[in-house]
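J.: With the input below, show me the fold.
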Amino acid sequence: MAAIMPLEIKRSVQEMFEEAMREIETWSLAQARDSLGRPGVTFIDLRDPREIWRDGAIPGAINVTRGMLEFWIDPASPYAKDFFQTGDRFVLFCAGGVRSALAAKTAQDMGLAPVCHIEGGFGAWKKAGHPVEKVE
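T.: This next block holds a predicted model:
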């Protein structure tokens with residue numbers, strides 16, 4: 001049996017996260033809470049549906065699993081979603097803020113603007129006592 005050689009990566013997830021954080025806008029929980037429900041602001045929940053079923057959701061957020069984000073943003077994709085073509089401000093979040101930082105950078109690199117993510121993600125949102133709805 002051949003020995004398994006560890007992959008030599010060029011950039012770690014931590015390095016990618018740090019780069020994203022230098023290049024994207026991060027909203028505080030207060031900024032996000034104050035913008036919830038405002039016209040022209042769309043919250044995007046990047047968590048897996050099982051996370052949402054288990055933990056709840058920010059009211060009105062649209063679930064876009066991380067694996068489909070680029071396809072749903074790109075108007076030339078057969079999976080494109082009209083809501084990404086509205087010119088709204090997009091507020092991305094995940095459970096803890098890492099996936100959403102990486103996703104916000106990717107979305108921004110694709111040309112989606114304005115886009116930001118929530119510091120601390122849904123976990124921080126819920127812990128702060130901000131609105132959460134049960135999702136079946």
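J.: show me what contacts the nearest residue to S77 once chain neighbours are set aside?
T.: Leaving aside its sequence neighbours, S77 sits nearest to F71 (Cβ to Cβ, 6 or more residues apart in numbering; 4.6 Å). The way it works is simple: take the backbone N, C-alpha and C, and place the C-beta from them, glycine included. Shown in contact with F71 (Cβ atoms under 8 Å, 6 or more residues apart in numbering): 77, 79-80.
J.: of the residues you listed, closest to R47?
T.: Nearest to R47, judged by Cβ to Cβ, of these is Y79 at 18.8 Å.
J.: pLDDT score assigned to that closest one?
T.: pLDDT for Y79: 97.
J.: so who does it touch?
T.: 68, 71-72.
J.: quick revisit: which helix or which strand is home to the residue nearest to S77?
T.: helix 69-73 (DSSP states H and E).
J.: In that helix, which residues are buried?
T.: Buried positions in helix 69-73, judged by neighbour count with 16 or more other Cβ atoms under 10 Å: 69-70, 72-73.
J.: quick one: average pLDDT of that helix?
T.: If you average the pLDDT over helix 69-73, you get 98.
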